[in-house]
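A.B. asks: heads up, no residue letters with this:
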Ligand SMILES: C[S@@+](CC[C@H](N)C(=O)[O-])C[C@H]1O[C@@H](n2cnc3c(N)ncnc32)[C@H](O)[C@@H]1O
């Protein structure tokens, strides 16, 4: 499970992912009025935490250097704003290279822009070359065309003497190292390669991929978004669900149902001490959210009966069996979670999903989705902040609309 605003950089400190042009730098009134409306408290908290971590880093690492007289540094050039900009610049170009090199910056490798799921190159260490025994790092690419003109590939790569483009078994290799690649042993972990994995027409842009992430994560880390990103998700925070429940039932009732849900072994996704549920790009709600809504909607008498039955639960199927007992009056053999989810999507649960969409939608303010789409259509891409935040708003709101359709179609 992953959070819309924080995926796919395992092991990285959040402030390392605070990038040039990233949301961390998008502060002030603009962030309050535009970015904030795209996401909820968790996000605001994350961006705030990013900035405070960077401030702490600056105080710890930079300030002592400025105060160190013999270095004669000009304090004006080493303020926290400059540090934030420099750190963001490095972070947007550094990445987890491999186990051997760890996290770092690689000349040339940061040249490429990102395209979700449609990259033209792979970056790998030479020892994972298919000619060697260890090919693990090289991912297969279906679009790769084995009939490509390999003659082209023996030419030296023009921008650097120590880089050359070669072909092997149909893959193209851009070999860059401090030594002559022809003398490589083939298993030197110091040597890294950029592999062209599909044909790129002359004059076309060559793309890399920064990973599979939704627009919120791309915006947060790299300061841009993509239209029609298949990895987009929307988060619905647990506290939004409890708020909705408490608007219909007492706080005590809501607490008890939540506790029961937890006793059955369920939880949401957790990131930065915030618990939330994901809505996938096709509008499908996370199973755990549906289960929680189902429990909240259970009639008191059924809830009491089930609550008394539960001592401890070992697995999700057992929990589902308990939940569906009152419907079927027998232990039901539950197959896939798809079937389970459909059984849980009662009218009350679907109504609850509609209410959650209403609440979540209200965070976008007065403008309708159509207003946002029109604003995006007329927005100039050069107004980066506005353009990308509008893209994010539009993609999120489209997902919420799909969730509405999902709830209506049950
Ligand atoms: C590693 S650099 C990529 C090369 C970059 N274009 C440059 O300035 O050299 C990462 C930055 O490039 C920009 N970028 C990468 N892919 C992009 C895309 N698909 N759309 C818009 N900007 C992109 C973002 O500003 C991102 O922070």
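C.D. replies: In hand now; what should we look at? Keep in mind it's a predicted model, so treat the numbers as computed, not measured.
A.B. asks: okay, strands next: where are they in this structure?
C.D. replies: Here the chain has its strands, by DSSP state E, at 95-98, 102-104, 113-114, 121-125, 163-168, 171-176, 192-196, 207-208, 234-237, 269-271, 274-279.
A.B. asks: can I get those in CSV with mean pLDDT, distance to residue 303 and mean neighbour count?
C.D. replies: Any C-beta I mention is one placed from the backbone N, CA and C, and that applies to glycine too. Shown next, in CSV, are these (pLDDT from 0 to 100; distance: least, C-beta to C-beta, whole Å; neighbours: other C-beta atoms under 10 Å):
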stretch, mean pLDDT, distance to residue 303, mean neighbour count
strand 95-98, 84, 47, 16
strand 102-104, 88, 49, 12
strand 113-114, 94, 48, 14
strand 121-125, 83, 53, 21
strand 163-168, 56, 64, 17
strand 171-176, 55, 59, 22
strand 192-196, 86, 57, 24
strand 207-208, 94, 52, 16
strand 234-237, 94, 23, 25
strand 269-271, 89, 25, 17
strand 274-279, 94, 21, 23
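A.B. asks: residue 67 is nearest to which of those strands?
C.D. replies: strand 102-104 (28.4 Å; C-beta to C-beta).
A.B. asks: give the other helices and strands that the closest one contacts.
C.D. replies: If contacts are counted by 3 or more C-beta pairs under 8 Å, 6 or more residues apart in numbering; DSSP states H and E, strand 102-104 sits against strand 95-98.
A.B. asks: the strand it packs on close to the ligand?
C.D. replies: No - shown here: strand 95-98 not in contact with the ligand (C-beta under 6 Å from any ligand atom), separated by at least 8.4 Å.
A.B. asks: that strand pairs with which strands?
C.D. replies: strand 102-104 (antiparallel) (DSSP bridges).
A.B. asks: hang on, the earlier thing: save the strands of the chain as a markdown table, and put in distance to residue 380 too.
C.D. replies: Listed next are these as a markdown table, based on distance: least, C-beta to C-beta, whole Å:
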| stretch | distance to residue 380 |
| --- | --- |
| strand 95-98 | 30 |
| strand 102-104 | 35 |
| strand 113-114 | 19 |
| strand 121-125 | 30 |
| strand 163-168 | 37 |
| strand 171-176 | 35 |
| strand 192-196 | 33 |
| strand 207-208 | 23 |
| strand 234-237 | 26 |
| strand 269-271 | 33 |
| strand 274-279 | 30 |
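A.B. asks: those strands: which one's closest to residue 64?
C.D. replies: Here strand 102-104 is closest among the strands of the chain (C-beta to C-beta), at 23.7 Å.
A.B. asks: next one: the closest one, is it in contact with the ligand?
C.D. replies: No - using C-beta under 6 Å from any ligand atom, strand 102-104 stays clear of the ligand, coming no nearer than 13.1 Å.
A.B. asks: circling back to that earlier point, of all the strands of the chain, which one is nearest residue 368?
C.D. replies: Using C-beta to C-beta, the nearest of the strands of the chain to residue 368 is strand 234-237, at 16.9 Å.
A.B. asks: which strands and helices lie in contact with that closest one?
C.D. replies: Where contact means 3+ C-beta pairs under 8 Å, 6+ apart, strand 234-237 is packed against helix 41-57, strand 274-279, helix 347-362, helix 384-408.
A.B. asks: quick one: strands adjacent to it?
C.D. replies: Next to strand 234-237 in the sheet, as set by DSSP bridges, lie strand 274-279 (antiparallel).
A.B. asks: if we can go back for a sec, go through the helices and strands packed on strand 234-237 and pick out the most buried.
C.D. replies: Most buried of these by mean neighbour count (mean count of other C-beta atoms under 10 Å) is strand 274-279; its value is a mean of 23.
A.B. asks: tell me where the model's unsure across the protein.
C.D. replies: Applying pLDDT under 70 to the chain flags residues 1-45, 126-187, 311-317, 325-340.
A.B. asks: how does it divide up, domain by domain?
C.D. replies: 14-97, 119-208, 234-408 (automatic domain parsing).
A.B. asks: closest point of the stretch 51-200 of the chain to the ligand, which residue?
C.D. replies: Proximity to the ligand, evaluated over the stretch 51-200 of the chain using C-beta to the nearest ligand atom, is greatest for residue 113 at 3.3 Å.
A.B. asks: what's across from that residue in the sheet?
C.D. replies: Note on residue 113: beta-bridge partners residue 207, judged by DSSP bridges.
A.B. asks: and it, what does it touch?
C.D. replies: By C-beta atoms under 8 Å, 6 or more residues apart in numbering, residue 113 lies in contact with 205, 207, 208.
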